[in-house]
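Asker: This is the structure alone, sequence omitted:
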């Protein structure tokens with residue numbers, strides 16, 4: 001019969017799909033992880049993984065064990081939370097995934113305040129221009145700009161936010177005036193690399209009536225720095241504008257985009273008070289900070 005430590009190692013391999021990836025997470029060498037997996041398979045008399053050059057994939061038996069192992073993981077986390085004194089500060093490590101726009105211009109100050117109030121808390125903010133796989137525990141929770149189309153996930157709307165075309169004062173001083181959408185064809189525009197847009201909600205180009213972009217990046221931060229350095233015009237988050245006072249919104253009466261932030265969580269995490277409390281503080285912080293920064297834009 002498997003004990004919790006066996007299941008912990010099984011979960012790490014299932015999520016990382018490799019011994020080396022699991023070893024990094026567990027702080028064990030890959031050979032030790034491999035021996036523990038083999039020992040678990042022998043004890044259960046089943047094969048849990050299919051080994052291949054691409055890594056470790058779950059067998060049908062491994063898939064069945066996965067759901068039980070996740071429940072065991074949440075039970076252990078819930079028990080640890082319950083044993084802790086009620087109302088005590090948050091502790092431990094939480095990993096949050098987010099698009100790089102919110103991760104750069106919105107979440108740092110929110111998370112810093114939460115950690116100021118809870119000194120025992122460690123937060124890892126993973127800022128990547130892609131969708132996070134919570135089933136593989138790439139993060140404990142994630143902020144997204146659209147609701148997931150599939151999977152056993154819980155979704156909470158956080159807040160709407162605004163985006164507008166913007167450019168630096170220096171750029172606008174050097175180039176012809178912009179009085180209509182048609183004038184954009186005489187200007188350098190900045191945006192996403194179209195075939196790398198990972199979410200349809202980030203495809204601003206057609207909605208902003210930008211026929212093509214001259215400078216393109218899959219990173220919001222790169223786009224923002226191009227605009228700040230006078231390279232051209234881009235769709236910019238209103239909550240990012242206070243970080244660069246030299247930026248000016250243009251055509252606000254003709255181009256105004258609204259998007260939504262959602263908090264995505266694994267449903268089993270509802271049993272974990274620590275994650276519930278952090279999610280509540282995060283939601284409050286995001287709503288408050290978006291409202292504050294947009295008022296300054």
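Answerer: Ah, there it is. Since the model is a prediction, treat every value here as computed from it, not as a measurement. Numbering: from 1, shown residues only.
Asker: In this protein, mark out all the strands, start to finish.
Answerer: 49-52, 55-58, 92-98, 121-127, 141-144, 154-168, 189-191, 215-216, 233-237, 247-250, 257-265 (DSSP state E).
Asker: Of those strands, which stretch is the most buried?
Answerer: Of all the strands of the chain, strand 233-237 has the most neighbours on average by mean count of other CB atoms under 10 Å, namely a mean of 26. Just so you know, the C-beta spots here come from the backbone N, C-alpha and C atoms, and that holds for glycine as well.
Asker: List the neighbouring strands of that one plus their orientation.
Answerer: strand 154-168 (antiparallel), strand 189-191 (parallel) (DSSP bridges).
Asker: Pipe these into TSV and attach distance to residue 245 and mean pLDDT per row.
Answerer: Formatted as TSV, the strands paired with strand 233-237 follow (distance: least, CB to CB, whole Å; pLDDT from 0 to 100):
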stretch	distance to residue 245	mean pLDDT
strand 154-168	10	96
strand 189-191	19	94
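Asker: Looking at the ones you listed, which is nearest to residue 222?
Answerer: Closest to residue 222 of the strands paired with strand 233-237 is strand 189-191 (CB to CB; 8.9 Å).
Asker: Point out where the stretch 101-250 of the chain drops to low pLDDT.
Answerer: For the stretch 101-250 of the chain, the stretches flagged by pLDDT under 70 are 129-137, 151.
Asker: can you do 80?
Answerer: 128-138, 149-152, 196-199, 211 (pLDDT under 80).
Asker: the helices in it, which residues?
Answerer: 107-117, 169-174, 204-207, 220-228 (DSSP state H, counting those that start in this stretch).
Asker: what's the closest of those to residue 153?
Answerer: Comparing these under CB to CB, the one sitting nearest is helix 107-117, at 19.9 Å.
Asker: about what we covered before: distance to residue 71 and mean neighbour count for the helices of the stretch 101-250 of the chain - can I get that in TSV?
Answerer: Below are the helices of the stretch 101-250 of the chain laid out as TSV (distance: least, CB to CB, whole Å; neighbours: other CB atoms under 10 Å):
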stretch	distance to residue 71	mean neighbour count
helix 107-117	28	15
helix 169-174	55	14
helix 204-207	41	15
helix 220-228	37	20
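Asker: can you put these in JSON lines and add distance to residue 197?
Answerer: Listed next are the helices of the stretch 101-250 of the chain as JSON lines, based on distance: least, CB to CB, whole Å:
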{"stretch": "helix 107-117", "distance to residue 197": "21"}
{"stretch": "helix 169-174", "distance to residue 197": "24"}
{"stretch": "helix 204-207", "distance to residue 197": "9"}
{"stretch": "helix 220-228", "distance to residue 197": "12"}
